[in-house]
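Asker: Mind looking at a prediction? Sequence and model below.
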Amino acid sequence: MTKPRVAVTIGRSNYGRMFSERAWEQLNDIAIIVHHDDDEPANHDDLLSLLPGVRACITSWGVAQFDGDVIAAAESLELMSHMGSSIKRFVSGPLWDRGVRVTSAGITLARDVAETTLGLMIVGRKRIWPLSRHVAAGGWRDSAVWGQWDARELTRSTVGLVGASNVGRHVIDLLQPFESTILVADPFLSEDNATALGVERVDLAELAARSDVVSLHCPENEHTRHMINAEILASMQDGVVLINTARGGLIDETALINELEQNRIFAFLDVTDPEPPALDSPLRLLDNVVVTPHIAGCIENCNRMGELAVEEVRRHLSGEPAVYEIRRDMLDRIS
């Protein structure tokens, strides 16, 4: 029996970081691999020539959108197996109308983001950043301003998660050894699901007022943009650690800068709005904020995503259910 054709559209320069040897072996076992013979991800014209005759394709960051022309050319396409976070930019009405299935390996990326988030919670509660700067300036424990930047522990603290997304749920799992009280604000989370997760379901205002750590894990859309506004920021406790590894637009950055200038809270921002922040932005200058260049997810080793993307192809070709399928009706919950 002739093996089905599966296109890899991500560009050869990305092979090393996205695919392990095991992933290539599995894909070669189940399919004839159609490579995009360029270092960079496939553009629109590349897709038009690459996709005819293939039953499945593997996509990732940088690949062109599967618009009507691409879908018309890809007459045999049944599955888009995507590696990355959001698939919104890559799909189109014609893709859904044709019944092409879409899967996402972003759930493995969620694990990477969750692990980074946990690390930021620990160093944030311990005041690692401000205290290290204090020591660099010649100080030590007996001269630190303990009432403001006293080192504390994550254990038995109150952690507020805005969004019970894939990342948020991984964070919940990672927090279990710390005996934390976990508050979650998410309109899609039911009381029964909250109980099953071992968390307390609250609204955003209550979460902000009660939490020692506030961490954002929801999509940015018309309902969530600037949800962390001046009122919410003002209601947070003195010394709270605010973490954003989700989307920059969730925070009203003008309001955040105003609050940070009061030297009352501390923020870790892996995403900003705009991204990167302006060269003269106070976010680059203030002592009580750390901005990182969108690195919370995997950077050099994204092999877990590649392995799951190949597994999704295998499952589709074998008639098995997907690990994580994206449906059209899920798009309003995705950034």
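Answerer: Nice, thanks for sending it over.
Asker: can you give me the strands for the stretch 151-300 of the chain?
Answerer: 158-162, 181-185, 200-201, 213-216, 241-244, 266-269, 289-291 (DSSP state E, counting those that start in this stretch).
Asker: Can you give the domain ranges for the chain?
Answerer: With domains defined by automatic domain parsing, the chain comprises 5-104+300-333, 110-291.
Asker: Any idea how far apart the tips of the first one sit?
Answerer: To tie it back to what came earlier, the one meant is domain 5-104+300-333. End-to-end distance for domain 5-104+300-333, by CA to CA, to the nearest Å: 32 Å.
Asker: If you average the pLDDT over it, what comes out?
Answerer: Domain 5-104+300-333 carries an average pLDDT of 96.
Asker: So D46 sits against D37, correct?
Answerer: No: applying CB atoms under 8 Å as the test, D46 and D37 come out as separate, 9.3 Å apart. C-betas here are computed from N, CA, C, even on glycine.
Asker: Mind checking which of those two has more residues around it?
Answerer: D46 (20 against 9; other CB atoms under 10 Å).
Asker: Kindly confirm my reading that the more buried one is in a helix.
Answerer: Yes: looking at D46 with DSSP: H, G, I helix; E, B strand; the rest coil, it is inside a helix.
Asker: for stretch 169-186, which positions count as buried?
Answerer: Residues of stretch 169-186 classed as buried: 169-172, 174-175, 178, 180, 182-186 (neighbour count, 16 or more other CB atoms under 10 Å).
Asker: how about that stretch as PDB, C-alpha atoms only?
Answerer: The C-alpha trace of stretch 169-186 is given here as PDB (Å, rounded to 0.1, in the frame of the first residue of the first chain):
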ATOM      1  CA  ARG A 169      -4.000  24.200  34.400                       C
ATOM      2  CA  HIS A 170      -0.400  23.200  34.100                       C
ATOM      3  CA  VAL A 171       0.500  26.000  36.600                       C
ATOM      4  CA  ILE A 172      -2.200  24.500  39.000                       C
ATOM      5  CA  ASP A 173      -0.500  21.100  38.700                       C
ATOM      6  CA  LEU A 174       3.000  22.600  39.400                       C
ATOM      7  CA  LEU A 175       1.700  24.500  42.400                       C
ATOM      8  CA  GLN A 176       0.500  21.400  44.200                       C
ATOM      9  CA  PRO A 177       3.700  20.800  46.300                       C
ATOM     10  CA  PHE A 178       3.500  24.400  47.600                       C
ATOM     11  CA  GLU A 179       0.200  24.100  49.500                       C
ATOM     12  CA  SER A 180      -0.900  27.400  48.000                       C
ATOM     13  CA  THR A 181      -4.400  28.700  48.000                       C
ATOM     14  CA  ILE A 182      -5.200  29.000  44.300                       C
ATOM     15  CA  LEU A 183      -7.800  31.400  43.100                       C
ATOM     16  CA  VAL A 184      -9.000  31.300  39.500                       C
ATOM     17  CA  ALA A 185     -10.900  33.900  37.500                       C
ATOM     18  CA  ASP A 186     -12.400  32.400  34.300                       C
END
